[in-house]
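Asks: just coords:
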């Protein structure tokens, strides 16, 4: 088999999701028996102090016999997160202009985040 034929066989169907420093590659590939499976690759860019960079990659192989269970668990996990935390991203790492606001109590031992930026929500709003 020619090299081009091998490349065509490996790149059956692909999609890319760019998410900040991470990129996710979803690829349909073929086994030697010409059955299909999916690879999900996370590629994360790391920049050094001198401006050079490198990528770290992690790959998951997902075979047809696991599609249903994988989909069900992924749906359960994503629903759980969205139901408990909503769709708003609250991680500092994802908000470049995020600034911590702290206030302290009288003992000055416990530092807690300021609630001045929170919005009161009634159950009727949900």
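Replies: Yep, that arrived. Since the model is a prediction, treat every value here as computed from it, not as a measurement.

Asks: residue 36 against residue 62, yeah?
Replies: No: at 10.4 Å, residue 36 and residue 62 do not qualify as touching, with contact defined as CB atoms under 8 Å. Every C-beta, even on glycine, is put in place using the N, C-alpha and C of the backbone.

Asks: what about the protein, any weak spots by pLDDT?
Replies: In the predicted model, the chain carries pLDDT under 70 at residues 1-10, 91-126.

Asks: so what's residue 61 closest to, chain neighbours aside?
Replies: residue 39 (5.7 Å; CB to CB, 6 or more residues apart in numbering).

Asks: in the chain, what residue spans correspond to helices?
Replies: Ranges of helices in the chain, per DSSP state H, are 3-10, 67-85.

Asks: with mean neighbour count and distance to residue 16 as extra columns, can I get those helices in a markdown table?
Replies: Below are those laid out as a markdown table (neighbours: other CB atoms under 10 Å; distance: least, CB to CB, whole Å):
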| stretch | mean neighbour count | distance to residue 16 |
| --- | --- | --- |
| helix 3-10 | 10 | 15 |
| helix 67-85 | 10 | 19 |
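
Asks: including distance to residue 17, could those go into CSV?
Replies: Conversion of those to CSV gives the following (distance: least, CB to CB, whole Å):
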stretch, distance to residue 17
helix 3-10, 19
helix 67-85, 14
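
Asks: of all those helices, which one is nearest residue 20?
Replies: helix 67-85 (17.7 Å; CB to CB).

Asks: ok so, going back, quick one: which of the helices of the chain is nearest residue 56?
Replies: helix 3-10 (21.7 Å).

Asks: about what we covered before: so which of the helices of the chain gets nearest residue 24?
Replies: helix 67-85 (13.2 Å).

Asks: quick one, what contacts residue 27?
Replies: Neighbouring residues of residue 27 by CB atoms under 8 Å, 6 or more residues apart in numbering: 10-14, 38-41.

Asks: and with 10 Å instead?
Replies: By CB atoms under 10 Å, 6 or more residues apart in numbering, the contact list for residue 27 reads 10-16, 37-41, 59.

Asks: and what of residue 60?
Replies: Contacts of residue 60 by CB under 10 Å, 6+ apart are 38-42, 70.

Asks: one more time with 8 Å
Replies: By CB under 8 Å, 6+ apart, the contact set of residue 60 is 39-41.
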